[in-house]
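Novice: Next come a sequence and a model predicted from it.
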Amino acid sequence: MQGLSSAPPAAFLLLLLRLSSLLLLPVAAVPVAERELNPSSRLAAGAARVALHYLNFQTASPGELQALGQVRKATVKSIPDSGHKYYVQFTTEDYRSGVSLWSSASLLTLCQENAGSCLATVLYRKTKSPPLVNIKCMPTKDQKQIQEEDNRLYQKIRHQTKPIIGNNIPDSYGNIEPALEPVWALAVAGSSYIMWEKSTENLGYFMAQVKSVKQWIRKDDFIEFDYTVLLHEIPTQEIISCHMRLTWLPGHPLKVKYFCASENQGLEDGSGMESGSAAGILHERGANF
């Protein structure tokens, strides 16, 4: 019986088991933390804008361009081995109305009354890949109305007797000539691809201006432009110049190739192929216009 007397008491063994289980719990069972963000924070607004950049490119519709209204709710979760994933709920405004009505408080109120709403997730990956976006929005316009608007814009460009050439859109006073509004709207849609692809968790972009644009005459039904666009980088306040070639036909994906002066890289090639996901984006390096 001497061996039994040296064994630990049962109560002590039970205590050890409980302590060991508590020590193991954080490693094995604690879920990934998700935290609330201030909806007015730069990170929350940045994630919402990235989602809209992706949406504006994917829809490939100058008549359906959307701008950020107000972020209603935002959370962020750390995904092991992947990156930070943002969940954002926000309102949108018609992009062109928001710009053209910039100085009119009463008309801005009208624009906000017609705001849409979106839910999106944005995963900023640890690799150098573009943010992975999933976004769903309540439609603010009738799809038939949007198609008619896009077709009017397309026909306006197609029926030009001479190739369109322009500079400084908008001008230093914020004005856009009516004849150049379709060209500017297409530049917003195309540059949305660049801004989505370049965005990171800490860097965001606005399209500041179309510095120059030139139309290329094609024998098929597509319309094609060469742009130099200026992007405003946030929060660095740098202005980045990008050369962009855009090809478009209503009802078809936008095709965008670009090169930014601040980057030591080749041509990037994008085509909106798959809605609601970052899949379907092609990249070609080492090419030139």
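Specialist: Nice, thanks for sending it over.

Novice: Can you show me the strands along the stretch 1-150 of the chain?
Specialist: Secondary structure of the stretch 1-150 of the chain (DSSP state E, counting those that start in this stretch): strands at 34-37, 66-79, 83-94, 116-125, 132-137.

Novice: most neighbours per residue, which of those?
Specialist: The highest mean neighbour count among the strands of the stretch 1-150 of the chain, using mean count of other CB atoms under 10 Å, belongs to strand 83-94: a mean of 21. No exception for glycine: its C-beta is placed from N, CA and C like everyone else's.

Novice: what helices or strands is that one leaning on?
Specialist: Where contact means 3 or more CB pairs under 8 Å, 6 or more residues apart in numbering; DSSP states H and E, strand 83-94 is packed against helix 42-59, strand 66-79, helix 105-113, strand 116-125.

Novice: Distance to Leu230 and mean pLDDT for the ones you listed - can I get that in CSV?
Specialist: Converted to CSV, the helices and strands packed on strand 83-94 look like this (distance: least, CB to CB, whole Å; pLDDT from 0 to 100):
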stretch, distance to Leu230, mean pLDDT
helix 42-59, 16, 96
strand 66-79, 18, 94
helix 105-113, 24, 36
strand 116-125, 24, 94
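
Novice: Lys156: which of the strands of the stretch 1-150 of the chain is closest?
Specialist: Taking CB to CB, strand 83-94 is the member of the strands of the stretch 1-150 of the chain nearest to Lys156, at 18.8 Å.

Novice: which residues are in contact with the closest one?
Specialist: The contact list for strand 83-94 (CB atoms under 8 Å, 6 or more residues apart in numbering) reads 37, 43-44, 47-48, 51-52, 65-79, 111-112, 114-126, 137, 140, 201.

Novice: returning to what we had before: quick one: closest of the helices and strands packed on strand 83-94 to Thr247.
Specialist: Using CB to CB, the nearest of those to Thr247 is helix 42-59, at 13.2 Å.

Novice: That closest one packs against which elements?
Specialist: Packing contacts for helix 42-59, counted by 3+ CB pairs under 8 Å, 6+ apart, involve strand 66-79, strand 83-94, strand 116-125, strand 132-137, helix 181-198, strand 204-216.

Novice: Only alpha carbons, please: show the shortest one as PDB.
Specialist: Extracted as PDB, the C-alpha positions of strand 132-137 are listed here (Å, rounded to 0.1, in the frame of the first residue of the first chain):
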ATOM      1  CA  LEU A 132     -10.900  41.300 -52.700                       C
ATOM      2  CA  VAL A 133     -14.400  42.900 -52.900                       C
ATOM      3  CA  ASN A 134     -17.900  41.600 -52.600                       C
ATOM      4  CA  ILE A 135     -20.600  44.200 -52.900                       C
ATOM      5  CA  LYS A 136     -24.400  44.300 -53.200                       C
ATOM      6  CA  CYS A 137     -26.400  47.500 -53.700                       C
END
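
Novice: Neighbouring strands of that strand in the sheet, and parallel or not?
Specialist: strand 116-125 (antiparallel) (DSSP bridges).
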